[in-house]
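Novice: give me a model of this one.
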Amino acid sequence: MDRETLALADRHFRGLGGGVPGVGQAPGRVAFVSEPGAFSYADFVRGFLLPNLPCVFSSAFTQGWGSRRRWVTPAGRPDFDHLLRTYGDVVVPVANCGVQEYNSNPKEHMPLRDYITYWKEYIEGGYSSPRGCLYLKDWHLCRDFPVEDVFTLPVYFSSDWLNEFWDALDVDDYRFVYAGPAGSWSPFHADIFRSFSWSVNVCGRKKWLLFPPGQEEALRDRHGNLPYDVTSPALCDTHLHPRSQLAGPPLEITQEAGEMVFVPSGWHHQVHNLDDTISINHNWVNGFNLANMWRFLQQELCAVQEEVIMRSCSGINFEEFYHFLKVIAEKRLLVLREAAAEDGAGLGFEQAAFDAGRITEVLASLVAHPSFQRVDTSAFSLRPKELLQQLREAVDAAVAP
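Specialist: Numbers count the residues shown, from 1 in each chain. Sure, this is the predicted structure:
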């Protein structure tokens with residue numbers, strides 16, 4: 001991040017009063033970014049992160065990836081032989097697309113070689129099987145298996161606090177591989193913690209249906225539940241979905257092989273594989289959507305009331321959220337104090353200053369929250385108010401003329 005982009009981002013968030021972007025008018029189409037050399041990180045900030053809008057990057061951005069060379073046959077199909085040789089014994093999570101369990105699909109675990117055997121039989125059976133349509137989802141390849149040169153993280157997504165945090169703890173990550181036959185799909189949802197996500201088709205094509213934040217409210221049924229499938233004819237039933245006619249049409253994307261889709265924070269979406277498809281996907285949070293994550297956690301607390309229940313529903317409670325902020329804050333404070341040329345995310349001193357400013361605003365809100373004030377912080381290695389003071393001093397010094 002350069003100084004001009006830092007100033008622009010600071011003005012943007014000051015204009016929001018520390019809040020989150022409101023629901024804007026969705027564009028008529030999704031922007032397509034064709035040339036890597038002509039599109040900078042600052043361009044991405046201005047065009048997509050600040051306005052929280054989706055875009056598609058061309059296959060030129062991923063043409064050097066090892067997965068695109070080794071996981072795909074010359075005909076552009078999944079290279080089952082290579083995947084079997086390299087990962088055949090790895091146990092992977094597999095969802096049944098034909099079974100609804102709440103608003104998702106039930107999962108089982110099996111060796112990759114068993115899933116590929118199923119996949120081949122599914123193709124030979126005319127894309128049908130008594131076992132239903134099975135979809136390999138949320139495989140933590142980077143976490144669980146020594147990886148080859150699978151992908152190169154694009155600079156636009158390198159300020160990735162979720163994975164930076166989990167890498168520091170060395171217990172989890174939000175980097176996934178998806179793989180499945182034509183017809184496999186993911187039901188209507190918004191990404192965890194209202195994170196951003198990016199998704200690259202190593203091979204195959206996907207159809208995306210995206211709704212900007214707030215439009216999902218018109219799709220709720222008369223009981224307040226979000227739809228499982230936004231293509232279902234049931235949405236035309238005004239008795240069951242009394243507000244569905246108020247929802248605008250989704251933004252639709254056909255994502256080709258090698259292309260990269262950026263999904264903004266809080267955009268609900270549904271995704272269908274049009275071909276036999278393999279994709280690499282990351283969820284990520286940073287200073288541009290941190291306030292959205294914090295607002296989501298507060299809404300979750302209001303919905304469930306109890307922190308223990310909140311942990312089971314959203315995957316994190318307020319105490320864990322503080323530790324997430326603390327890990328990222330301490331790294332950025334180190335950069336600001338040493339005036340280093342690059343921070344942990346590789347985006348420079350200005351990025352660290354921006355990150356620290358956004359953490360300061362959200363941490364101040366967290367510290368003031370009545371539920372967090374009931375948390376016993378006496379054993380914390382750094383008390384929240386102490387961290388908040390350090391951040392304020394560092395940000396003030398960073399922006400001083």
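Novice: make it CA atoms for all contacts and neighbour counts henceforth
Specialist: Will do.
Novice: any chance you could map the strands in the stretch 151-300 of the chain?
Specialist: Assigned by DSSP state E, counting those that start in this stretch, the stretch 151-300 of the chain shows strands spanning 175-180, 185-189, 196-203, 206-211, 251-255, 260-263, 268-273, 277-284.
Novice: the fourth one pairs with which strands, and in what direction?
Specialist: Listed by DSSP bridges, the sheet partners of strand 206-211 and their directions read strand 251-255 (antiparallel), strand 268-273 (antiparallel).
Novice: let me know which of these is tucked in deepest.
Specialist: strand 268-273 (a mean of 21; mean count of other Cα atoms under 10 Å).
Novice: so how far is it off the chain centroid?
Specialist: Remark: strand 268-273 is offset 13 Å from the chain centroid, using Cα atoms, centre = their mean, to the nearest Å.
Novice: how about it as PDB, C-alpha atoms only?
Specialist: What follows is strand 268-273, C-alpha atoms only, in PDB (Å, rounded to 0.1, in the frame of the first residue of the first chain):
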ATOM      1  CA  HIS A 268     -24.500 -14.100  -0.200                       C
ATOM      2  CA  HIS A 269     -23.800 -16.400  -3.100                       C
ATOM      3  CA  GLN A 270     -24.600 -19.800  -4.600                       C
ATOM      4  CA  VAL A 271     -22.100 -21.700  -6.800                       C
ATOM      5  CA  HIS A 272     -22.700 -24.500  -9.400                       C
ATOM      6  CA  ASN A 273     -20.000 -26.500 -11.200                       C
END
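Novice: now it against strand 175-180, angle please.
Specialist: Counting by axes from the mean of the first three to the mean of the last three Cα atoms, to 10 degrees, strand 268-273 lies at 50 degrees to strand 175-180.
Novice: now strand 268-273: average pLDDT?
Specialist: Per-residue pLDDT values over strand 268-273 give a mean of 98.
Novice: identify the residues contacting it?
Specialist: For strand 268-273, contacts defined as Cα atoms under 8 Å, 6 or more residues apart in numbering pick out 180-191, 204-213, 216, 229-230.
Novice: could you export the strands of the stretch 151-300 of the chain as a markdown table, including distance to residue 336?
Specialist: Listed next are those as a markdown table, based on distance: least, Cα to Cα, whole Å:
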| stretch | distance to residue 336 |
| --- | --- |
| strand 175-180 | 28 |
| strand 185-189 | 38 |
| strand 196-203 | 26 |
| strand 206-211 | 38 |
| strand 251-255 | 40 |
| strand 260-263 | 29 |
| strand 268-273 | 36 |
| strand 277-284 | 23 |
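Novice: quick revisit: in a markdown table: the strands paired with strand 206-211, plus distance to residue 73.
Specialist: Shown next, in a markdown table, are the strands paired with strand 206-211 (distance: least, Cα to Cα, whole Å):
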| stretch | distance to residue 73 |
| --- | --- |
| strand 251-255 | 19 |
| strand 268-273 | 18 |
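Novice: nearest to residue 134 among those strands would be which one?
Specialist: The closest of the strands paired with strand 206-211 to residue 134 is strand 268-273. By Cα to Cα, the value is 12.0 Å.
Novice: so who does residue 111 touch?
Specialist: Contact analysis of residue 111 by Cα under 8 Å, 6+ apart lists 88-92.
Novice: right, and residue 58 touches residue 31 too?
Specialist: No - contact criterion Cα atoms under 8 Å: residue 58 and residue 31 do not qualify, at 10.7 Å.
Novice: distance of residue 87 from residue 68?
Specialist: Separation of residue 87 from residue 68 (Cα to Cα, to the nearest Å) stands at 16 Å.
Novice: neighbour count: the two, which is higher?
Specialist: Looking at residue 87 and residue 68 with other Cα atoms under 10 Å, you find the greater number of neighbours at residue 68, namely 21 against 17.
Novice: my guess is the more buried one meets residue 258, correct?
Specialist: Yes - Residue 68 is in contact with residue 258 according to Cα under 8 Å; the separation is 7.4 Å.
Novice: overlap of the contact sets of these two?
Specialist: Contact with both residue 68 and residue 258 is made by residues 62, 202-203, according to Cα under 8 Å, 6+ apart.
Novice: can you redo the residues you listed as CSV with pLDDT and neighbour count?
Specialist: CSV is the format used below for the shared contacts of residue 68 and residue 258 (pLDDT from 0 to 100; neighbours: other Cα atoms under 10 Å):
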residue, pLDDT, neighbour count
62, 98, 23
202, 98, 34
203, 98, 25
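Novice: residue 117: which of those residues is nearest?
Specialist: Ranked by distance to residue 117 (Cα to Cα), the shared contacts of residue 68 and residue 258 are led by residue 203 at 18.7 Å.
Novice: report the contact partners of the closest one.
Specialist: Contacts of residue 203 by Cα under 8 Å, 6+ apart are 68, 72, 76-78, 256-258, 276-279.
Novice: and the residues you listed, which is closest to residue 38?
Specialist: Residue 38 has its nearest neighbour among the contacts of residue 203 in residue 258, at 18.4 Å by Cα to Cα.
Novice: tell me, how many neighbours does the closest one end up with?
Specialist: Residue 258 sits with 23 neighbouring residues when counted by other Cα under 10 Å.
Novice: nearest residue to residue 279 in space, please, no chain neighbours.
Specialist: Closest residue in space to residue 279, ignoring its immediate chain neighbours: residue 201 at 4.3 Å, by Cα to Cα, 6 or more residues apart in numbering.
Novice: per-residue pLDDT of that neighbour, please?
Specialist: Note for residue 201: predicted pLDDT of 98.
Novice: contact partners for it?
Specialist: Residues near residue 201 by Cα under 8 Å, 6+ apart: 255-260, 277-280.
Novice: can you check residue 179 too?
Specialist: 135-137, 276-279.
Novice: try it again at 6 Å.
Specialist: 136, 277-278 (Cα atoms under 6 Å, 6 or more residues apart in numbering).
Novice: for the stretch 251-400 of the chain, which segments are assigned as helices?
Specialist: With DSSP state H, counting those that start in this stretch, the ranges of helices along the stretch 251-400 of the chain come out as 290-304, 307-314, 318-338, 349-368, 370-373, 384-399.
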